[in-house]
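# the sequence and its predicted three-dimensional model are supplied below.
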Amino acid sequence: MTRKTPDVSDAYAAASPNDLRQLYADWADSYDESFARSEAYLLPGLTARAFAQAGGQGPVLDVGAGTGLCGVALSGLRITPVDAADISPDMLAQALRKDVYRDVIEADLYEGIPVPRASYAGVVSSGAFTHGHLGPEVLPAILRVARPGAWLAMSINAAHYQKAGFAEAFDRLLRGQWISNLSLPEVRIYGGDAGSAHHEDTALIALFQKV
């Protein structure tokens, strides 16, 4: 029997890190064609552009890098070097083939990122902060690897932002003076040719600096 190609609904339904590893093991080879291209996936490019316009610079960590679409966008904006972090070794293997990353890091962000503190002058993330994926609990692990003054640009599915408690998390970080200059522009995740049930979804790009 031919196995069904995963889709966004499967990704949103993931309930554990092991679910995500299996999902992306099944999806990695076809992800760019069956999802990113067919659904006119705009978010990686928009996230990279927001980072660049804020003055972000390398070295950059691409969190939840997947097959490397945000890394390609950063490379097109001449922002280097970029490292990729993702829970899925299969997706990271695809990202490496794009030849835009200095290094790749297999990591479950709920267990931390295995690099020294303050390793990066910037952090981006496109598509990882969504239903079934990352929540605000991993923000301290991300801030740990960012240098003071680093710009961070992280797309967060708009419905997930409200449901998962990001507003409260960012408020705590602002009040604790861990971050500054927070803005939350809203963007469309998909272009006009998208055909999935989620084609109207939007994301907030959380753009801020580490203090």
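Great, that's in hand.
# only C-alpha atoms for contact and neighbour calcs from this point on.
Fine.
# give me the neighbour count for S119.
14 (other CA atoms under 10 Å).
# excluding its backbone neighbours, what's nearest it?
V145 (5.3 Å; CA to CA, 6 or more residues apart in numbering).
# wait, what's in contact with that neighbour?
Listed by CA atoms under 8 Å, 6 or more residues apart in numbering, the contact partners of V145 are I113, V115, P116, R117, A118, S119, Y120.
# what's the answer for A107, then?
A107 neighbours (CA under 8 Å, 6+ apart): A85, D86, I87, I113, P114.
# most neighbours among the residues you listed, please name it.
A85 (25 neighbours).
# thinking again about what came up before, in strands, which of the contacts of A107 fall?
In strands, defined here by DSSP state E, the members of the contacts of A107 are A85, D86.
# now render the contacts of A107 as TSV, adding pLDDT and distance to Y101.
Shown next, in TSV, are these (pLDDT from 0 to 100; distance: CA to CA, whole Å):
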residue	pLDDT	distance to Y101
A85	96	10
D86	93	13
I87	90	16
I113	96	17
P114	95	17
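# nearest to L77 among the contacts of A107?
A85 (19.9 Å; CA to CA).
# so the closest one sits against V104, correct?
Yes: under the criterion of CA atoms under 8 Å, A85 makes contact with V104 at 5.8 Å.
# overlap in contacts of the two?
Common neighbours of A85 and V104 (CA under 8 Å, 6+ apart) are L92.
# give the contact list for R188.
L42, L43, E200, D201, T202, A203.
# beta partners of it?
Legend: beta-bridge partners of R188 under DSSP bridges are T202.
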